[in-house]
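K.L.:
Got a predicted structure plus its sequence, pasted below:
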Amino acid sequence: MGPLTNAHTHLELTDLAHLCPTEPVSIVSWMGRLAWNLRKQSKARTQASIERGTAELQACGTTHLGDITRTWLSVEPLMVSGLHGVVYLEVMGHNKNKAFKRLEQAKIEIRKARQYPGYGSMQVGLSLHAPYSCHPDLLRVGAEWCRAEGVPLCIHAAESAAETKFLLSGKLPLVKGPVASLVKKLLSLPVSPGLRPIPYLARLGVLAARPLLVHAVHVTGDDIGLIANADCAVVHCPRSNDLLSCGRMPLDSYLAAGVPVYIGTDSRASSPDLDVRAEAEFAQRLHAGLVESQNITHLIHQPFRPTSE
């Protein structure tokens, strides 16, 4: 049947399906609720979540995936799952000392994973969460290490208008209630870069590591040019983008620029399921008149290859 690729998942969030909106909501408020729930998630529940998510992927015929793990607990299950792709260890933080300590731990785990018997079909990479949630030195040094070591790198970037506004102005979105403090903790760069997400990553040298850029919705023509010139790939998550009020990725512009595009379901916390075929069907309706349906179908039937290769 050939490959079926879901290039962006968070399997450890499978048990948080109750957070998936039934109609579009503010991504900032959703992020706060997600952070609130993650504080209460036990190791056992996370492991069970990964198992259920993996089983759901396999039940719908998935052969290749890109998974991001905040806890790093999905590495071993995915290494023996028979699936192909990359599991990315997520690192983030604004406190430079703590962030760099976490980065060093990730380097150790990635080097250790590379010694697993049969390593290669499922690789282990690094995820620097997002431009707004990482100290700029963490972004720069983490990307430099990935480039030097040939380690796959993944970053959520240009997902929402709120992200772009925050990086340009340093102004926090208005959030009320018990999750407000969690949002402020996530959005607290030492200095506002005054740049859009993609130019900001380019200035830090991050694009030189050819990261896989997830979402990449709020981009200009110049941003797409930077992505294309750096030979980066992007992941389109249309249902998550819709339910979190992020807007429509300019898929037609990416394809015209020759940027490799994959499709991903994101997590059960922001999408109804992990079936990338349903994701492609939604994308076909979303981009009707702009991108041929068969071209979108093609995107889910290409093997997922790490951009470090």
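P.N.:
Sure thing, it's come through. The structure displayed is predicted, hence computed values, not measured ones.

K.L.:
Strands along the protein, start to end?
P.N.:
5-9, 64-69, 84-91, 122-128, 153-157, 212-215, 233-236, 261-263 (DSSP state E).

K.L.:
Please tabulate those in JSON lines, including the columns mean neighbour count and mean pLDDT.
P.N.:
No exception for glycine: its C-beta is placed from N, CA and C like everyone else's. Formatted as JSON lines, the strands of the chain follow (neighbours: other CB atoms under 10 Å; pLDDT from 0 to 100):
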{"stretch": "strand 5-9", "mean neighbour count": "28", "mean pLDDT": "98"}
{"stretch": "strand 64-69", "mean neighbour count": "26", "mean pLDDT": "98"}
{"stretch": "strand 84-91", "mean neighbour count": "25", "mean pLDDT": "97"}
{"stretch": "strand 122-128", "mean neighbour count": "26", "mean pLDDT": "97"}
{"stretch": "strand 153-157", "mean neighbour count": "28", "mean pLDDT": "98"}
{"stretch": "strand 212-215", "mean neighbour count": "29", "mean pLDDT": "98"}
{"stretch": "strand 233-236", "mean neighbour count": "25", "mean pLDDT": "98"}
{"stretch": "strand 261-263", "mean neighbour count": "23", "mean pLDDT": "98"}
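
K.L.:
how about these in JSON lines, adding distance to Gln115?
P.N.:
Below are these laid out as JSON lines (distance: least, CB to CB, whole Å):
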{"stretch": "strand 5-9", "distance to Gln115": "25"}
{"stretch": "strand 64-69", "distance to Gln115": "19"}
{"stretch": "strand 84-91", "distance to Gln115": "15"}
{"stretch": "strand 122-128", "distance to Gln115": "11"}
{"stretch": "strand 153-157", "distance to Gln115": "20"}
{"stretch": "strand 212-215", "distance to Gln115": "24"}
{"stretch": "strand 233-236", "distance to Gln115": "27"}
{"stretch": "strand 261-263", "distance to Gln115": "28"}
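
K.L.:
do you know which of those lies nearest Asp137?
P.N.:
Taking CB to CB, strand 122-128 is the member of the strands of the chain nearest to Asp137, at 11.1 Å.

K.L.:
Just the angle for that closest one relative to strand 64-69, thanks.
P.N.:
50 degrees (axes from the mean of the first three to the mean of the last three CA atoms, to 10 degrees).

K.L.:
neighbouring strands for strand 122-128, and are they parallel or not?
P.N.:
For strand 122-128, the paired strands and their directions (DSSP bridges) are strand 84-91 (parallel), strand 153-157 (parallel).

K.L.:
What lies in contact with it?
P.N.:
The contact list for strand 122-128 (CB atoms under 8 Å, 6 or more residues apart in numbering) reads 68, 75, 78-79, 81, 83-92, 106, 109-110, 113-114, 134, 138-139, 142-143, 145-146, 151-155, 206, 211, 306, 308.

K.L.:
just stretch 270-279 next, same as before
P.N.:
Contacts of stretch 270-279 (CB under 8 Å, 6+ apart): 4-6, 9, 14, 19-21, 30, 53, 56-57, 60-62, 237-240, 243-244, 263-265, 268, 300.

K.L.:
Also stretch 52-67?
P.N.:
Contact partners of stretch 52-67, identified using CB under 8 Å, 6+ apart, comprise 1, 3-15, 74, 77-78, 81-88, 154, 212, 235, 262, 264, 268, 273-277, 303-304.

K.L.:
Correct me if wrong: Arg140 contacts Leu204.
P.N.:
Yes - taking CB atoms under 8 Å as the definition, Arg140 is a contact partner of Leu204 at 4.6 Å.

K.L.:
So, low pLDDT: which residues of the stretch 101-250 of the chain?
P.N.:
Across the stretch 101-250 of the chain, the ranges flagged by pLDDT under 70 are 172-190.
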